[in-house]
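Enquirer: Task: produce atomic coordinates for the following.
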Amino acid sequence: MPFSDYSEFLAAHPRLILVEVLEAKGSTPREAGAFMLVATEATSGTIGGGYLEFMTIDHARRLLAGDNVDAELDVPLGPEIGQCCGGRTRIGFTVVDEAVRENLLRREDERRAADPDVMIFGAGHVGLALVSALSSLPFNVSVIETRSIDETALPRNVIAKRVAMPEAEIAAIRPGGAVLILTHDHALDFLIARQALARTDLAYVGMIGSATKRATFRHWLEREGGETDDFARLTLPIGGDTVRDKRPPVIAAMVAAELCCVLLGGRT
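Expert: Numbering: from 1, shown residues only. I've put the predicted structure just below:
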């Protein structure tokens with residue numbers, strides 16, 4: 001299931017308990033506002049895992065079964081529950097009625113609207129590995145191609161577009177978003193990168209390649225009259241050089257880490 005996508009879970013389970021972190025003091029697994037949904041035989045989301053989550057799921061299911069249990073738990077995260085966070089968390093339990101469902105869907109829509117855009121240019125091996133790695137993270141992911149795309153192979157929360165002029169799609173990215181350039185054509189990569197670097201409000205512009213490709217792009221940008229001052233904002237190669245393994249899933253994992261640091265740093 002994509003990151004925090006509760007709509008299908010809500011539709012599939014008519015009887016649910018909303019388990020929410022109402023207050024978090026000190027060191028805790030999740031922050032106030034984190035929540036999960038608990039059905040009789042399934043859950044969606046997490047409030048941090050461990051014994052804390054185990055006991056809250058059990059408490060929620062007792063509530064579903066009609067037991068007379070408290071609507072809140074105040075839990076110290078210490079040795080008595082086998083956790084050593086050292087903080088304290090207050091957990092609320094709410095029967096999900098229609099009003100709660102509508103509120104959860106509204107919260108999900110607001111969260112999605114706030115998630116940064118990540119536009120991937122190229123649906124080759126690395127592009128598809130990136131789609132897989134990023135689709136479960138709090139990003140609005142789209143993949144752009146000039147060639148045909150097997151959309152059935154993509155996660156359902158990823159937008160796919162086949163276009164003749166992919167560089168024109170840069171304008172659609174909201175400020176603070178990211179561009180990943182991995183097409184089958186270096187000349188096309190350069191066109192997309194130039195368009196992306198012309199936008200100073202993007203948080204990340206990355207291109208797959210080598211030091212040679214980086215130097216070639218710089219010379220091309222100078223020849224074409226591009227703003228070479230913007231060149232420093234280009235990440236090339238993407239994923240860094242700490243891990244030398246060039247298999248697509250490894251590259252994708254390293255790039256996902258880069259994007260989390262750049263796009264999610266400071267967010268809760």
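Enquirer: going forward, measure contacts between C-alpha atoms and count neighbours the same way
Expert: Noted.
Enquirer: Could you identify the helix or strand that succeeds the strand or helix carrying Glu8?
Expert: Per DSSP states H and E: Glu8 is located in helix 7-12. Sequence-wise, the next helix or strand downstream of helix 7-12 (DSSP H and E) is strand 17-25.
Enquirer: Just the buried residues of that following strand, please?
Expert: Ile17, Leu18, Val19, Glu20, Val21, Leu22, Glu23, Ala24 (16 or more other C-alpha atoms under 10 Å).
Enquirer: how much space between the first one and Asp58?
Expert: It stands for Ile17. In this view, Ile17 and Asp58 are 11 Å apart by C-alpha to C-alpha, to the nearest Å.
Enquirer: what does the fourth one give?
Expert: Using C-alpha to C-alpha, one gets 14 Å for the distance from Glu20 to Asp58.
Enquirer: Mind pulling up the pLDDT for Gly86?
Expert: Listed pLDDT for Gly86 reads 61.
Enquirer: Equivalent analysis for Thr216, please.
Expert: At Thr216, pLDDT is 89.
Enquirer: And for Arg199?
Expert: In this prediction, Arg199 has a pLDDT value of 93.
Enquirer: Indicate each strand paired with the one helix or strand Ile91 maps to and its parallel or antiparallel sense.
Expert: Using DSSP H and E, Ile91 maps to strand 88-95. Here strand 88-95 is paired, per DSSP bridges, with strand 17-25 (antiparallel), strand 72-76 (antiparallel).
Enquirer: of the ones you listed, which approaches Ser142 most closely?
Expert: Set against Ser142 and scored by C-alpha to C-alpha, the strands paired with strand 88-95 come closest in strand 17-25, at 30.8 Å.
Enquirer: Could you list the low-confidence segments of this protein?
Expert: Where the chain drops to pLDDT under 70, the residues are 1-5, 78-86, 226, 266-268.
Enquirer: Flag every buried residue along the helix holding Glu8.
Expert: Phe9, Leu10.
Enquirer: cool, stretch 61-81 as well?
Expert: Quick answer for stretch 61-81 (16+ other C-alpha under 10 Å): Arg61, Leu63, Leu64, Glu72, Leu73, Val75, Pro76, Leu77.
Enquirer: If the fifth one is in a bridge, with which residues?
Expert: According to DSSP bridges, Ile91 are recorded as the beta-bridge partners of Leu73.
Enquirer: Please enumerate the strands of the stretch 101-250 of the chain.
Expert: 117-121, 140-145, 159-162, 178-181, 204-207, 234-235 (DSSP state E, counting those that start in this stretch).
Enquirer: could those strands go into TSV alongside mean neighbour count?
Expert: As requested, the strands of the stretch 101-250 of the chain are exported to TSV (neighbours: other C-alpha atoms under 10 Å):
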stretch	mean neighbour count
strand 117-121	25
strand 140-145	22
strand 159-162	16
strand 178-181	25
strand 204-207	23
strand 234-235	18
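Enquirer: residues touching the closest residue to Leu191 other than its chain neighbours, list them.
Expert: Of all residues not flanking Leu191 in the chain, Glu167 sits nearest, at 6.5 Å (C-alpha to C-alpha, 6 or more residues apart in numbering). Contact analysis of Glu167 by C-alpha atoms under 8 Å, 6 or more residues apart in numbering lists Leu191, Ile192, Gln195, Ala196.
Enquirer: Could you verify my assumption that the last one touches Val205?
Expert: Think Ala196. Yes: counting by C-alpha atoms under 8 Å, Ala196 does reach Val205; the two are 6.8 Å apart.
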